[in-house]
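Trainee: fold the stuff below for me.
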Amino acid sequence: MRQATTTLTIETPGQGLHDVTSPILRWVQASGIVVGLLTIFCQHTSASLLIQENAAPAARRDLETYFAGIAPEDRHRYEHDEEGPDDMPAHLRAALTAVQLSIPVIDGAPCLGTWQGIYLFEHRRAAHARRLVLHLLGE
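Mentor: So this is what the prediction gives:
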């Protein structure tokens, strides 16, 4: 059994679903591990991870709109606002999604479905440098 770890820094331009599949695939392939389990962990409380539709941009836009509706920016609605009006809604959106994903690796690649991609879901309006910790365990 072997292990590999790395931290990817993803520069986000602001809110939305940002495809991080390619750098993750490249790292898994470079690890030399062909069968195992990949864990991806987002080290932030105002961003999250999703496995989502990667062919139809409208599906991603609809997700973004949905989350904006269930956790809207409203300065009168939340007590926590130290970093601005998008701060608490970002925490709520992250709480409703996931900050960690586990994906089987077979034949040297994450086992994603035909229309699946790995996305960093940035919940803040401003650009951020987000850290994703990757851990791969396998042979």
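
Trainee: contacts for the strand or helix carrying residue 3, please.
Mentor: Assessed by DSSP states H and E, residue 3 sits inside strand 2-12. Here strand 2-12 makes contact (Cβ atoms under 8 Å, 6 or more residues apart in numbering) with 18, 20, 23-24, 27, 31-33, 47, 120, 122, 127-139. Every residue, glycine included, has its C-beta placed from N, CA and C.

Trainee: tally of neighbours for residue 91?
Mentor: Residue neighbour count, defined by other Cβ atoms under 10 Å, stands at 19 for residue 91.

Trainee: on the three-state scheme, it is what?
Mentor: helix (DSSP: H, G, I helix; E, B strand; the rest coil).

Trainee: same deal with residue 67?
Mentor: Per three-state DSSP, residue 67 ends up helix.

Trainee: pull out the buried residues from the strand holding residue 3.
Mentor: 4, 8, 10, 12 (16 or more other Cβ atoms under 10 Å).

Trainee: who is the first one paired with across the strands?
Mentor: In this structure, residue 4 has beta-bridge partners residue 136, where bridges are defined by DSSP bridges.

Trainee: roughly how far apart are it and residue 111?
Mentor: Here residue 4 is placed at a distance of 17 Å from residue 111 (Cβ to Cβ, to the nearest Å).

Trainee: just the buried residues from the contacts of strand 2-12, in ChimeraX please.
Mentor: Per 16+ other Cβ under 10 Å, the buried members of these correspond to this ChimeraX selection:
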select :18,20,23,24,27,31,33,47,120,122,128,130,132,134,136,138
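
Trainee: the protein: helices as residue ranges?
Mentor: Along the chain, the segments classed as helices by DSSP state H run 21-31, 57-70, 87-96.

Trainee: quick one: work out the angle between the last one and helix 57-70.
Mentor: To tie it back to what came earlier, the one meant is helix 87-96. 120 degrees (axes from the mean of the first three to the mean of the last three Cα atoms, to 10 degrees).

Trainee: if anything else comes up later, I'll come back, but that's it for now.
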